Structure formats: C-alpha cells, structure tokens
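Colleague: A predicted structure for the sequence below; I have some questions about it.
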Amino acid sequence: MSAPIDLQATFIPNDGEFFRVKLALEIAIDEVVNEPGCIQYELTEATEEKLVLTEQWASEDHLDKHSKGTAVQDLNESLSALLAEPVRLERL
C-alpha cells in the first residue's frame, strides 16, 4: 500500500472577495470530504490575505479522480473571477 498524498492549496482572494472565496471553499469541502480516498480536506488557515486548504488522499489514484471530479470543476468555476492569482498547489 502506498503512502498517503499530502497537499496544500493556497488561495489569494482579490480585494474584498475573502468571504466569497471562503464560502466557495466551504461548499467544496462539504462535497469532497465524502469522496473515496479523502482522508483530509480542511481549511487550515483563513485570513484576509490568503486561505489555505490542507488535503490528504489515500493514493495517487484517489487524488487523480478527485482532481477530475465535478467538485473541483465547480470550485474552479466559482473562483475564476475571485482570485488575485492562480491557486498554488504544493505537495508536502
């Protein structure tokens, strides 16, 4: 069995868009935590300057399916005009 995959996604909202970004993330979190292989999908930092989402997946396959899923597509669509820069995704 492979080791879990740990990720951190950082979202930088446009000025005045913090609450809309946070709401979009909370909606996605509610959907994603029930996906197969999701061990953690949690907002671990939220300030006016940035929001950090910490993820852990049971395998690369689970992460791949999540990345191609509707929750991620919906989140990307809802955030498209709300972020000051592209999401920074980092493997830990």
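Modeller: Nice, thanks for sending it over. Residues are numbered from 1 along each chain as shown.

Colleague: Pass me the low-pLDDT residue ranges in the protein, would you?
Modeller: 1 (pLDDT under 70).

Colleague: Show me where it has its helices.
Modeller: 18-32, 60-67, 70-79 (DSSP state H).

Colleague: Ok, which of those helices comes nearest residue 90?
Modeller: Evaluated with C-beta to C-beta, those place helix 60-67 nearest to residue 90, the distance being 13.4 Å. In this view, the C-beta of every residue, glycine as well, is placed from N, C-alpha and C.

Colleague: Show me what the closest one packs onto, helices and strands only.
Modeller: strand 5-11, strand 51-57 (3 or more C-beta pairs under 8 Å, 6 or more residues apart in numbering; DSSP states H and E).

Colleague: Sheet-wise, list the partners of the last one with their directions.
Modeller: Note on strand 51-57: by DSSP bridges, its sheet partners are strand 5-11 (antiparallel), strand 38-46 (antiparallel).

Colleague: Format these as CSV; extra columns: mean neighbour count and distance to residue 23.
Modeller: As requested, the strands paired with strand 51-57 are exported to CSV (neighbours: other C-beta atoms under 10 Å; distance: least, C-beta to C-beta, whole Å):
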stretch, mean neighbour count, distance to residue 23
strand 5-11, 17, 12
strand 38-46, 15, 11
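
Colleague: Could you export the ones you listed as CSV, including distance to residue 89?
Modeller: As requested, the strands paired with strand 51-57 are arranged in CSV below (distance: least, C-beta to C-beta, whole Å):
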stretch, distance to residue 89
strand 5-11, 5
strand 38-46, 13
